[in-house]
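Asker: coordinates only, sequence not included:
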């Protein structure tokens, strides 16, 4: 498996092959032979020579966002890119150029809708108020433009990832 | 003593109360919503009663269902915890009317202090200084505008029935008042069923310091000293300490005496907290409000005084006199608590619900974790996202910070975002270590951090970290491989799928426990 990785702002080329618990890896050409055990989901015990490293990979982030990886007590921000998948993501994103969707970051209840389709909004204007976990959060316009779709009504429940408002 | 206590709450506080029950040989009875059938507080109780669907209005706020459960279980008393119905006088009355003991203050004291406007009047009558502002709920936006103009900006909008930062907004200028007024009112209505809000002049660079008071049914009133709760975000406390780093025994005695007088005036019984704003410059203090319940941050007082406040609540409710006198209270060492929330500190503390996939709790000398979750537990969208309170004790504040730093580094939660990374940075912050605290701390801390990150981006990593950095990348790739189904058409060796099977098997084992 070949991946591109970004760690704290720097790019790295990553190669990995596995045979059971045995892992052979290369990072920018630096070669590692190690054994890996999964202790719990997201918790890896990597044995390299005479050293043992506990690594925790944060699995709460969205799939292509940077993840926090903890090695011992050191924390790193790691974002991985699979070159084979990159082309897909790009073609999908291209179709929506000029539009920006406001999506729900988490499940919640729509309390107020402050705009209608056709309205002009400035980036940062409050578009609607969603209540989640007892807090009311104002969701703001992702860009300046015209509201072309409103998919939220007061009192309705929304799920994470639902498109609430589209601004063009 | 009681035989059975129904705990009308959930999460970490329900677990905390169950522990006190066990120590007193009282059987704890749990209640739960449909979302909480597998929650830790249910697992630790002797019996559990279903209240209803997940939303709190259909479960943890259902007075009728809770009393039915208490009667069905044959409980003699009800402990409300904090939040939900803890400060609801109608609930306390309903409990008493059903022939059960409410573990908390008399309903009249709750009503007096529950209305923040009445509480301000009562405190002033008891001789305590109050922050300038209205003593009546605001009738309209026009009323709010006129009052704010009179007090001078910045002003603070607060829910009359409020607490926990809900329905509370700092308003810096007149233009922001209309929107803040609407939001505060609707948040107050949603949280407390009462949209009344009032205005106070905002004290600048205030420290938030509160006094723990306790009273019994025999006329004894004591205070257990202060807690410094200046580190807040969205007007919610996130780090609390006892004693206050101000370290002024005279100020403690004056505030303690004022708090006891307020409690006496309210004919208070049980555990209560009188909150004050203290000017960091003049050390003048102003009455803010009285919370007629146990506080989230009670562990720091317990660690420093050695008194188990929940145990004391139960024995006092059973009619016993306080187990200590004012003279016997001594403050030993220093304690600090962090509220661990399922929130993403990188996304403005947005809630981060989900399943906890792995959990390692800190242990060892001077460390106490009051948690309400376990590996495999679900953090629901329906309730407050606090998953645990981590508290540490040391002989000095510096020693307590050392322990806190160590405990935070040990603490690991997988599957959800938590406020742990934020706390790890705070305990290393020079201003925090120097105890330069006020309620603007987090805002200034975030600015310092953003500035520091701007500088650090191009700093070369030390050579010794190379292995750790490379292993971080390898671990991330291993996790990526487990998550990602094999892309079609790409050759996948059998050894790869072996790995995946093992990974899934490990996950399966964890899942099977629940």
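Answerer: That came through fine. Bear in mind the structure is a predicted one, so any value in this text is a computation, not a measurement.
Asker: please count neighbours and contacts with C-alpha atoms only from this point.
Answerer: Fine.
Asker: what's the weakest-modelled helix or strand in chain A?
Answerer: Least confident helix or strand, chain A: helix A:83-94 with a mean of 46, by mean pLDDT, DSSP states H and E.
Asker: how about the very next helix or strand once past that helix against chain B, any contact?
Answerer: Using DSSP states H and E, the helix or strand that follows helix A:83-94 towards the C-terminus is strand A:100-103. No: using C-alpha under 8 Å from any C-alpha of the partner chain, strand A:100-103 stays clear of chain B, with a minimum separation of 14.0 Å.
Asker: whichever helix or strand comes after strand A:100-103 - what's its average pLDDT?
Answerer: Downstream of strand A:100-103, the next assigned helix or strand under DSSP H and E is strand A:108-113. Strand A:108-113 comes out with an average pLDDT of 86.
Asker: roughly how far is strand A:108-113 from the heart of the chain?
Answerer: A distance of 24 Å separates the centroid of the chain from that of strand A:108-113, by C-alpha atoms, centre = their mean, to the nearest Å.
Asker: repeat for stretch B:96-104
Answerer: On C-alpha atoms, centre = their mean, the centre of stretch B:96-104 falls 25 Å from that of its chain.
Asker: measure the residue in chain A sticking out farthest from the centre to residue A:35 for me?
Answerer: Of all residues in chain A, residue A:50 has its C-alpha farthest from the mean position, at 34.9 Å, by C-alpha atoms, centre = their mean. Note on residue A:50: its distance to residue A:35, by C-alpha to C-alpha, to the nearest Å, is 11 Å.
Asker: how about the contacts made by the closest residue to residue B:109 other than its chain neighbours?
Answerer: Spatially, and ignoring its direct neighbours in sequence, residue B:109 is nearest to residue B:266 (5.3 Å; C-alpha to C-alpha, 6 or more residues apart in numbering or on different chains). Applying C-alpha atoms under 8 Å, 6 or more residues apart in numbering or on different chains to residue B:266 gives the contacts B:109, B:112-113, B:122.
Asker: and of the residues you listed, the nearest to chain A?
Answerer: If you rank those by distance to chain A using C-alpha to the nearest C-alpha, residue B:113 comes first, at 22.6 Å.
Asker: and the closest one, that one's in a strand?
Answerer: No: looking at residue B:113 with DSSP: H, G, I helix; E, B strand; the rest coil, it is helix, so not inside a strand.
Asker: the closest residue to residue A:163 other than its chain neighbours: neighbouring residues, count only.
Answerer: Once flanking residues are discounted, residue A:163 sits nearest to residue A:103: 4.3 Å by C-alpha to C-alpha, 6+ apart. Neighbourhood size, residue A:103 [other C-alpha atoms under 10 Å in any protein chain shown]: 17.
Asker: okay, now the residue lying closest to residue B:103 once chain neighbours are set aside: neighbour count?
Answerer: Distances taken as C-alpha to C-alpha, 6+ apart put residue B:79 closest to residue B:103, at 5.0 Å, once the chain neighbours are dropped. For residue B:79, the tally of surrounding residues (other C-alpha under 10 Å) stands at 25.
Asker: just checking, residue B:79 touches residue B:95?
Answerer: No: Residue B:79 sits out of contact with residue B:95 when judged by C-alpha atoms under 8 Å, with a separation of 10.1 Å.
Asker: shared neighbours, these two?
Answerer: residue B:102.
Asker: tell me the pLDDT at the residue nearest to residue B:109?
Answerer: 96.
Asker: and it, how far is that from chain A?
Answerer: For residue B:266, the distance to chain A equals 30 Å [C-alpha to the nearest C-alpha, to the nearest Å].
Asker: go on, residue B:383?
Answerer: Look at residue B:383 and chain A: by C-alpha to the nearest C-alpha, they are 5 Å apart.
Asker: list the contacts of residue 154.
Answerer: As the question left the chain open, I've gone with chain A. For residue A:154, counting by C-alpha under 8 Å, 6+ apart, the contacting residues are A:109-113.
Asker: actually, chain B is the one I wanted.
Answerer: Here residue B:154 is in contact with B:170-173, B:201-202 (C-alpha under 8 Å, 6+ apart).
Asker: now, of these, which are buried?
Answerer: B:170-171, B:201-202 (16 or more other C-alpha atoms under 10 Å in any protein chain shown).
Asker: for these, which one is nearest chain A?
Answerer: Using C-alpha to the nearest C-alpha, the buried ones among the contacts of residue B:154 come closest to chain A at residue B:170, 15.0 Å.
Asker: mind telling me what element the nearest residue to the closest one once chain neighbours are set aside is part of?
Answerer: Using C-alpha to C-alpha, 6+ apart and skipping residues adjacent in sequence, the residue nearest residue B:170 is residue B:156, 4.6 Å away. Assigned by DSSP H and E, residue B:156 belongs to strand B:155-159.
Asker: what residues does the following helix or strand past that strand touch?
Answerer: Note on strand B:155-159: by DSSP H and E, the next helix or strand toward the C-terminus is strand B:169-171. Under the criterion C-alpha under 8 Å, 6+ apart, residues B:153-158, B:177, B:180, B:184, B:202 lie in contact with strand B:169-171.
Asker: out of the residues you listed, the closest to chain A would be?
Answerer: residue B:184 (9.5 Å).
Asker: now do the contacts for that closest one.
Answerer: B:157-159, B:166-169, B:197.
Asker: over to residue B:41?
Answerer: For residue B:41, the contact set (C-alpha under 8 Å, 6+ apart) comprises B:10-12, B:14-15, B:18, B:30, B:372.
Asker: got the residues of the stretch 351-500 of chain B near chain A?
Answerer: The stretch 351-500 of chain B comes close to chain A at residues B:351-353, B:357-358, B:381-385, B:409, B:414-417, B:457, B:468-477, B:479, B:495-496, B:498-499, as judged by C-alpha under 8 Å from any C-alpha.
Asker: what residue ranges in the chain score low on pLDDT?
Answerer: No chain in the question, so chain A it is. Filtered on pLDDT under 70, chain A yields the residue ranges A:61-64, A:84-98, A:133-134.
Asker: you looked at the wrong chain, it should be chain B
Answerer: Within chain B, the stretches with pLDDT under 70 are B:163-164, B:454-464, B:485-514.
Asker: how about residues contacting the longest strand anywhere in it?
Answerer: Longest strand of chain B, by residue count under DSSP state E: strand B:221-233. Contacts to strand B:221-233, defined as C-alpha under 8 Å, 6+ apart, come from residues B:206-215, B:237-245, B:252, B:256-257, B:259-260, B:263-264, B:300-301, B:305, B:325-326, B:329, B:331, B:437-442.
Asker: among these, name the ones in strands.
Answerer: The strands, defined by DSSP E, take in B:206-215, B:237-242 from the contacts of strand B:221-233.
Asker: just flag the most distant two among those.
Answerer: For the ones in strands among the contacts of strand B:221-233, the farthest-apart pair by C-alpha to C-alpha is B:206 and B:215; their separation is 28.4 Å.
Asker: and those two? Which one has more around it.
Answerer: Using other C-alpha under 10 Å, the more surrounded residue of residue B:206 and residue B:215 is residue B:215, with 25 against 20.
Asker: is it correct that that one is in contact with residue B:271?
Answerer: Yes: under the criterion of C-alpha under 8 Å, residue B:215 makes contact with residue B:271 at 6.8 Å.
Asker: who touches both of the two?
Answerer: Joint contacts of residue B:215 and residue B:271 (C-alpha under 8 Å, 6+ apart) do not exist.
Asker: thinking again about what came up before, could you identify the buried members of the contacts of strand B:221-233?
Answerer: B:206-215, B:237-244, B:252, B:256-257, B:259-260, B:263-264, B:300-301, B:305, B:329, B:331, B:437-442.
Asker: many thanks, we can stop here.
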